[in-house]
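the following block contains a protein sequence and its predicted model.
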Amino acid sequence: MRFKPILERILVPIDGTSGSLAAMQLATLIAKVFKSKVTVIHAISNELTSLEYQYASLITEGSGAPFGSPSPIPAELIKVYNEIENSFYRKGEEILRQAVAFFKEQGIAADEKLVEHVEPATAIMKQALEGIYDLIVIGRRGDEEKGPHLGSTTVKVAHHAEIPVLIVRQSGKISNVLIAFDGSQNAERALQYGAYLAKNIRAKMTVLYVCHSELSRLRPEQVREAGNHILSRASEILEETNLDQRVELGNPAETIIHVAQQGEYDLIVLGSKGHGAVERFLLGSVSEHVIHYADSSVLLVR
């Protein structure tokens, strides 16, 4: 294996929900194996700024002055706003305190970062860039836990972060890893990243190639043969002769999800781009569908 990922520093965004706890548990597993240092980050919602504008708007409208014109804010509203702001700070500080204590109990070095009046995804990506992190481990945030779709924060981080992102759906363990591979350069990196992670945490691993159903209808046997050839490349990259491999025919995103469900895989590993002009594993198509609808955790590798 030519590429070995560095996992020295892990960034874990938290908001105090069950999704954050799941992310912390999986980050703990990885940090113990790789002796990583963890930073937990909490963004105080920019709803505070929105509330401030709402108050100003109400005051302006009530006074009959044109919107945007200067108008004194009543002392009572300033007091209310300050109380709300302080409650956000206290909650954020408590969330971080509990998270740092959680990691400390597990013997993992962790520091904390509290940011204010910033859209959470922006804060996460800025911290990831400035702090030179190797991995973001993020759970489904509180407003994302009610349905199959991920909310805007996780989607934005998955789309725009410049480092690998692990989106946590299941907590506690990674024992069975499914790596989607299409032979592209980006898929090679995901393959090596996923294999390195699986070996070090002693998880089982399967490499999956999905032949698109439109192609398989033409000459299914030839398409399967081509898939086996691509997977032989995966064996060469990982320098393994007994690699567990699967070739499937169908819609790539739906097939990856189906195989992960049927095989009870804890983690799906994907590259952010696919092979050729079609870029079948390009985020926004296959990868985006998988991160939205898979029941397994998903590691998106760049």
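Noted; the coordinates are in hand.

starting at the chain centroid, how far to the longest strand along the chain?
Secondary structure of the chain per DSSP state E: the longest strand is strand 204-212. Relative to the mean C-alpha coordinate of its chain, strand 204-212 is positioned 21 Å out (C-alpha atoms, centre = their mean, to the nearest Å).

counting by contacts, list what that strand packs against.
Using 3 or more C-beta pairs under 8 Å, 6 or more residues apart in numbering; DSSP states H and E, the elements in contact with strand 204-212 are strand 176-180, helix 185-200, helix 220-238, strand 245-250, helix 252-262. Every C-beta, even on glycine, is put in place using the N, C-alpha and C of the backbone.

now it: average pLDDT?
Average pLDDT, strand 204-212: 92.

out of the helices and strands packed on strand 204-212, which gets nearest to Lys32?
helix 185-200 (10.4 Å; C-beta to C-beta).

how about that closest one: buried residues?
For helix 185-200, burial by neighbour count (16 or more other C-beta atoms under 10 Å) applies to 186-198.

out of those residues, which is nearest to Phe88?
Using C-beta to C-beta, those come closest to Phe88 at Leu197, 35.9 Å.

the closest one is in contact with Val177, isn't it?
Yes. Shown here, Leu197 and Val177 form a contact pair, counting by C-beta atoms under 8 Å, at 7.2 Å.

thinking again about what came up before, from the buried residues of helix 185-200, which is closest to Glu105?
Nearest to Glu105 among the buried residues of helix 185-200, with distances taken as C-beta to C-beta, is Leu197, at 23.7 Å.

ok, now which ones touch that closest one?
Pro5, Ile30, Ile174, Val177, Ala203, Val269, Leu299 (C-beta atoms under 8 Å, 6 or more residues apart in numbering).

so which of the residues you listed are in strands?
Among these, DSSP E puts Val177, Val269, Leu299 in strands.

sorry, back to before: who wins for neighbours among the contacts of Leu197?
Val269 (29 neighbours; other C-beta atoms under 10 Å).

close enough to count as contact, Val157 and Ile124?
Yes. The criterion here is C-beta under 8 Å, and Val157 meets it with Ile124 at 5.5 Å.

what residues are shared contacts of those two?
With C-beta under 8 Å, 6+ apart, Val157 and Ile124 have common neighbours Pro13, Ile136, Ile138.

my read is the last one is in a strand, agree?
Yes. Checked against DSSP: H, G, I helix; E, B strand; the rest coil, Ile138 lies within a strand.

what pairs with it across the strands?
Ile167 (DSSP bridges).

quick one: low-confidence parts of the stretch 201-302 of the chain?
The stretch 201-302 of the chain contains residues with pLDDT under 70 at 213-220, 273-284.

taking the centroid of this structure, which residue is nearest it?
With distances taken as C-alpha atoms, centre = their mean, the residue of the chain nearest its centroid is Ile167 (3.1 Å).

contacting residues for Lys156?
Contacts of Lys156 by C-beta under 8 Å, 6+ apart are Ala121, Thr122, Met125.

let me know the helix or strand that it is in.
helix 152-160 (DSSP states H and E).
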